[in-house]
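Asks: Got a predicted structure plus its sequence, pasted below:
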Amino acid sequence: MIYAEITNNKDRSRFETLVNGEFAVLDYIYLNNTLALVHTFVPPKDRDQGIAFALVEFALEYAKEHHLKIIAGCSSVVLFIKQHPEYTALLIEEY
């Protein structure tokens, strides 16, 4: 597995990285200093390699750095935060 740097593509409202020539993404909705993290997609052949969690961690660090709150609208985000409770303070409400 080879993936590139994760970036925030504000024009497409998603965090993204190229994985073996295809995009893996975490889509979001930004409103009033809040990021609703709504959907993660990793190409099927590249799943189960930690890419979704890498996208989630990048998004949470981005939110922390920019003083944003999070709505965990994606199962990958919920699971990541359950495994890394240090990010719970970013949530608008508990799941």
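Replies: Structure received. This is a predicted model, so every value here is computed, not measured.
Asks: where does the protein have low pLDDT?
Replies: For the chain, the stretches with pLDDT under 70 are 1-3, 93-95.
Asks: Please repeat the previous calculation with a cut-off of 50.
Replies: Applying pLDDT under 50 to the chain picks out residues 1, 95.
Asks: ok, which stretches of it are helices?
Replies: Secondary structure of the chain (DSSP state H): helices at 51-65, 75-83.
Asks: contacting residues around the last one?
Replies: So the one you mean is helix 75-83. Under the contact criterion C-beta atoms under 8 Å, 6 or more residues apart in numbering, helix 75-83 has outside partners 26, 37, 40, 52-53, 55-57, 59-60, 70, 72, 87-88, 91, 95. Heads up, the C-betas are built off the backbone N, CA and C, glycines and all.
Asks: run the last query once more with 6 Å
Replies: With contacts defined as C-beta atoms under 6 Å, 6 or more residues apart in numbering, helix 75-83 is touched by 37, 40, 52-53, 56, 72, 87, 95.
Asks: Please point out which parts of it sit buried.
Replies: Buried residues in helix 75-83, defined by neighbour count with 16 or more other C-beta atoms under 10 Å: 76-77, 80-81.
Asks: Would you mark the buried spots in the longest strand anywhere in the chain?
Replies: If you go by DSSP state E, the chain has its longest strand at strand 22-31. Within strand 22-31, the residues scored as buried using 16+ other C-beta under 10 Å are 23-28.
Asks: So which residue is smack in the middle of this protein?
Replies: The structure's the chain has its C-alpha centroid closest to residue 56; by C-alpha atoms, centre = their mean the separation is 3.0 Å.
Asks: Work out the sheet partners of the longest strand of the chain and label each with its direction, please.
Replies: According to DSSP bridges, strand 22-31 forms sheet pairs with strand 14-19 (antiparallel), strand 34-41 (antiparallel).
Asks: what angle do it and helix 75-83 make?
Replies: 80 degrees (axes from the mean of the first three to the mean of the last three C-alpha atoms, to 10 degrees).
Asks: and residue 27, what does it touch?
Replies: Contacts for residue 27 (C-beta under 6 Å, 6+ apart) come out as 14, 38-39.
Asks: Mind listing what's buried along stretch 46-66?
Replies: Here stretch 46-66 shows 46, 51-60, 63 as buried, counting by 16+ other C-beta under 10 Å.
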